[in-house]
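# I would like the atomic coordinates for the input below:
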Amino acid sequence: MIHALIVGALILVPSLWLAPPPLWRLAPPQLAAIAAFAVAYLAAVFILRASGELRPRLSRVIFIGTAVFSACFTLVILLMWVVPGIVPPDFPRAALATSLLGGLAAFGLVHLARPGSPVTLAIASIAMLAGVAGHAAYRMQWLPRPVVPSRTVTHVDSSLYQLKITAYANGLPRPSRNGGGISRWGSGYLLATGDGELYLFHENEAHDSLVIDRLPRTVPLNVAEFKAGAHEIFSRSPRNYVESSRFRVADVLVQEKGDVVRLLASHHFWHSDRKCFVMRVSALEGTRQQLLDAGTSLEWRTLYETSPCLALNTEGPRGVRFEGLENGGRMAALSENELLLSVGDHGFDGVNRPEILAQDTTSSYGKVMRVSLDTGDARVFSLGHRNPQGLFIDANGSIWETEHGPRGGDELNLIRESGNYGWPIVSYGTEYSRHSWPLNAAQGRHTSFERPMLAFVPSVAVSSLTSVASERFPLWQGDLLVASLRAGAIWRVRIAEGRAIFAEPILVSRPIRDIVMSRSGRVILWTDTNELLFIEPASSQSGDALIAQCTGCHGTDVWEASFVAPSLAEVVGRPVASKRDFVYSDAMKSFGGRWTRKRLDAFLADPQAVVPGTKMQFEGIKDAAQRAHLVDYLERGASE
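So this is what the prediction gives:
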């Protein structure tokens with residue numbers, strides 16, 4: 001029992017350095033690096049017991065413990081060095097130190113004290129419980145963990161570009177709710193989080209870190225009043241619970257006119273006197289210095305509010321809930337004096353609630369609204385929308401919108417004034433528990449209303465969108481970039497002759513909340529993982545871009561099977577024609593020897609000249625500098 005408790009503690013306690021992900025969600029290499037010391041403990045116990053001494057001498061305990069745990073530590077470090085990437089480079093060394101020192105201490109404690117003594121049992125139990133409690137605390141978010149800002153660079157292949165993705169993580173405190181957006185401001189960018197915090201950010205001159213400044217102001221999101229009112233209302237329901245994280249800021253927009261800056265924020269607002277909520281656009285105006293100065297007395301004013309004020313749902317097929325996720329809330333400036341605002345239906349769709357607000361022209365919900373920035377007056381611009389989370393006006397003046405369908409049926413729409421886009425009467429999606437949408441007379445069809453330019457089935461949880469008008473991406477000119485929450489991807493959509501020709505997914509492996517084009521032509525993403533990503537074409541001289549010429553046939557992973565061509569992982573120094581899972585040509589077998597840098601350079605310059613009869617149908621890379629970059633990559637990076 002003592003040994004079982006210690007083994008559990010040696011896994012649970014050191015893995016707290018990797019929290020908040022729970023133990024069972026750690027990557028296998030990370031878990032293996034931690035568990036190795038628990039195995040070392042058991043090995044040391046076995047060796048000591050094999051000596052036959054009931055009360056081993058102190059010198060023997062120290063010698064065996066030091067030898068076994070030092071060997072384990074050396075093996076883990078050696079493995080991390082020999083197989084780069086098997087354990088992430090940012091793996092906390094403190095976790096290894098905790099495993100090493102904790103294992104040694106436990107080994108000494110058990111064998112120098114009486115193994116079955118109450119003191120030994122108590123210490124082992126406390127260590128085990130500490131590990132369990134720590135993981136529970138992170139899991140339940142009781143224990144906030146300090147985070148360190150980081151910058152990582154990865155590369156993703158697309159059909160026309162090898163893309164470089166620079167990701168900045170933990171540069172600002174993690175928001176308590178998802179949402180928010182990005183807008184250009186001066187030479188930088190304004191970021192609003194879902195909980196209303198405002199930050200200015202830009203990359204430094206060296207492009208190796210973010211400069212982030214918190215504004216001394218927050219969006220007037222009255223969360224406390226909402227929670228109090230919701231709990232009072234829901235207390236009369238079977239389930240007294242409200243998901244207050246769905247009450248949030250949706251977007252931010254900056255307008256600059258001379259020295260005057262106007263900040264616009266769309267967000268939920270709770271009317272305590274009427275016990276109902278709306279979507280509101282709040283405005284804050286002043287000079288840049290006034291907005292940045294905490295001592296300046298600037299006040300938010302209400303520019304626009306949706307109507308009617310909506311009561312919380314206390315019944316329905318989906319249970320007691322606040323459908324705040326279906327808020328929409330994206331803004332786009334139609335002119336200096338007019339704003340387009342998308343508003344979601346908040347679940348009033350004739351199925352989850354009896355009302356059908358998206359088709360009610362007296363209601364603001366399920367609409368794109370046209371709002372006067374001078375008077376706050378608004379009228380319906382288009383209707384029949386469910387959860388329009390993307391809104392963008394391109395260089396030609398075309399208005400594009402993206403919205404969530406139910407189970408399937410996410411849409412990309414070209415918005416026309418007075419257009420009716422059909423929700424909830426028609427949809428390519430279905431109800432979550434069915435294979436049909438109850439109100440659609442022709443299942444799987446979208447008739448009698450404006451059809452989407454493109455529909456995603458199954459849903460990818462489309463969020464925001466933009467279009468490419470950048471010399472940095474000449475081959476993407478005019479294409480739409482549609483962001484996704486669920487798929488963790490950008491979809492590059494080519495529009496031609498009034499229709500969507502294709503949609504290419506570009507995987508970034510993160511839920512994307514907002515997407516904008518930077519002034520320098522890079523794509524900026526704000527993610528629900530609290531990261532800011534900058535995407536640009538990789539340099540043609542980088543190994544990551546050059547390797548794209550090879551990956552059509554060759555893999556770059558150590559374990560990747562060699563179907564078309566042998567893997568290039570660890571190729572530098574490898575014997576020629578040595579991959580057992582690939583059938584080489586006789587010419588390559590006869591070439592023999594090892595792949596040195598010099599031989600690889602010559603082969604890459606002219607494969608047929610160096611190995612006449614090789615299967616490799618490639619003219620070669622004539623630029624010596626490019627070959628050198630590629631060989632450098634193959635030597636140090638192809639297996640990463």
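
# What is the burial count for the spatially closest residue to Ala283 that is not a sequence neighbour?
Nearest-residue entry for Ala283: Leu303, 4.6 Å, with adjacent residues in sequence omitted and distances by C-beta to C-beta, 6 or more residues apart in numbering. Where C-beta positions appear, they are placed from N, C-alpha and C, glycine not excepted. Residues lying near Leu303 (other C-beta atoms under 10 Å) number 22.

# residue contacts, Gly573?
The contact partners of Gly573, taken as C-beta atoms under 8 Å, 6 or more residues apart in numbering, are 594-596.

# Give me the distance between the residue nearest to Ala283 and Ile535.
According to C-beta to C-beta, to the nearest Å, Leu303 and Ile535 sit 33 Å apart.

# Ok, Leu16 next?
34 Å.

# Could you state which residue of this structure sits nearest its centroid?
Computing the C-alpha centroid of the chain and ranking residues by C-alpha atoms, centre = their mean puts Arg510 first, at 2.2 Å.

# Surely it is in contact with Ala487?
No. With contact defined as C-beta atoms under 8 Å, Arg510 does not reach Ala487; the gap is 10.4 Å.

# As a check, name the ranges of all helices in the stretch 1-150 of the chain.
Taking DSSP state H, counting those that start in this stretch as the test, the helices found in the stretch 1-150 of the chain are 2-12, 28-50, 58-82, 93-112, 118-139.

# what is the orientation angle of the longest one with helix 28-50?
Here helix 58-82 points in a direction 160 degrees away from that of helix 28-50 (axes from the mean of the first three to the mean of the last three C-alpha atoms, to 10 degrees).

# got the contact list for the residue nearest to Glu243 when sequence neighbours are not counted?
Spatial nearest neighbour of Glu243, chain neighbours left out: Phe322 (5.9 Å); criterion: C-beta to C-beta, 6+ apart. For Phe322, the contacting residues are 230, 242-244, 246-247, 312-313, by C-beta under 8 Å, 6+ apart.

# rerun that using 10 Å as the cut-off
Listed by C-beta atoms under 10 Å, 6 or more residues apart in numbering, the contact partners of Phe322 are 226, 230, 233-234, 241-247, 268, 277, 310, 312-313, 346-347.

# ok, it to Ile356 distance?
Using C-beta to C-beta, we find Phe322 at a distance of 19 Å from Ile356.

# And the residue nearest to Ala283, how far from Ser266?
According to C-beta to C-beta, Leu303 and Ser266 sit 10 Å apart.

# now Ser470
Going from Ser470 to Ser266 by C-beta to C-beta gives 27 Å.

# that older thread, show only the entries of the contacts of Phe322 found in helices.
Applying DSSP state H to those, the entries found in helices are 226, 230, 233-234.

# Could I get those in TSV, plus columns for distance to Asn530, neighbour count and pLDDT?
Converted to TSV, the ones in helices among the contacts of Phe322 look like this (distance: C-beta to C-beta, whole Å; neighbours: other C-beta atoms under 10 Å; pLDDT from 0 to 100):
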residue	distance to Asn530	neighbour count	pLDDT
Phe226	23	23	94
Ala230	26	21	87
Ile233	31	19	82
Phe234	29	19	78
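
# Would you map the strands across the stretch 251-400 of the chain?
For the stretch 251-400 of the chain, the strands defined by DSSP state E, counting those that start in this stretch occupy 260-271, 276-287, 301-305, 328-333, 338-343, 367-372, 378-383, 387-393, 399-404.

# Ser463: which of those is closest?
Closest to Ser463 of the strands of the stretch 251-400 of the chain is strand 387-393 (C-beta to C-beta; 5.0 Å).

# For the helices of the stretch 1-150 of the chain, give me JSON lines that also has mean pLDDT and distance to Arg494.
Formatted as JSON lines, the helices of the stretch 1-150 of the chain follow (pLDDT from 0 to 100; distance: least, C-beta to C-beta, whole Å):
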{"stretch": "helix 2-12", "mean pLDDT": "77", "distance to Arg494": "50"}
{"stretch": "helix 28-50", "mean pLDDT": "80", "distance to Arg494": "39"}
{"stretch": "helix 58-82", "mean pLDDT": "80", "distance to Arg494": "43"}
{"stretch": "helix 93-112", "mean pLDDT": "77", "distance to Arg494": "47"}
{"stretch": "helix 118-139", "mean pLDDT": "72", "distance to Arg494": "44"}
